[in-house]
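[1] only the shape, not the letters, is given here:
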């Protein structure tokens, strides 16, 4: 009997339980991490996926998952991408620090 495919995204909550969601940064953190992820993977020279689509794909995840997009497997912030300059570079550095904090605190809260 064939099984149909199921889109798992609709079963994954974008939010961690309160008060943890707010303590980890809330909506501002969601936006910053998704923005920096899209900036990182979509260089100005072009990319096969549009920036908005990269942002939207990252924005589906809970904060703890978004944070991991900007970290090494060891939990250290990735350096800003070479193509990021000015405000985008500063935003990437801030997001890396935030991602490290979210991962650390998320583990302490038991939501990571």
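    Here it is on my side, so go on. Remember, predicted model here, so these are calculated numbers, not experimental data. Residues are numbered from 1 along each chain as shown.

[2] tell me where the protein has strands.
    For the chain, no strands turn up when DSSP state E is the criterion.

[3] where does the prediction get shaky in it?
    Scanning the chain for pLDDT under 70 picks out 1-12.

[4] what helices or strands is the longest helix along it leaning on?
    In the chain, taking DSSP state H as the definition, the longest helix is helix 86-109. With contacts defined as 3 or more CB pairs under 8 Å, 6 or more residues apart in numbering; DSSP states H and E, helix 86-109 has these neighbours: helix 20-23, helix 26-41, helix 63-68. For glycine as for every other residue, the C-beta is placed from the backbone atoms N, C-alpha and C.

[5] now what about that helix, what contacts it?
    With contacts defined as CB atoms under 8 Å, 6 or more residues apart in numbering, helix 86-109 is touched by 16, 20, 23-25, 29, 32-33, 35-36, 39-40, 63-64, 66-71, 75-81, 84, 112.

[6] which of these count as buried?
    Buried by 16 or more other CB atoms under 10 Å: 16, 20, 24-25, 29, 32-33, 35-36, 39-40, 63-64, 66-71, 77, 80-81, 84, 112, out of these.

[7] phi, psi of the closest residue to residue 44 other than its chain neighbours?
    Using CB to CB, 6 or more residues apart in numbering and skipping residues adjacent in sequence, the residue nearest residue 44 is residue 83, 6.0 Å away. According to degrees, to the nearest 10, the main-chain angles of residue 83 amount to phi -80, psi -10.

[8] for burial, what's the neighbour tally of residue 83?
    Residues near residue 83, counting by other CB atoms under 10 Å, number 13.

[9] that one and residue 42, how far apart?
    Noted for residue 83: a distance of 9 Å to residue 42, by CB to CB, to the nearest Å.

[10] so who does the residue nearest to residue 44 touch?
    Residue 83 is in contact with 43-45, counting by CB under 8 Å, 6+ apart.
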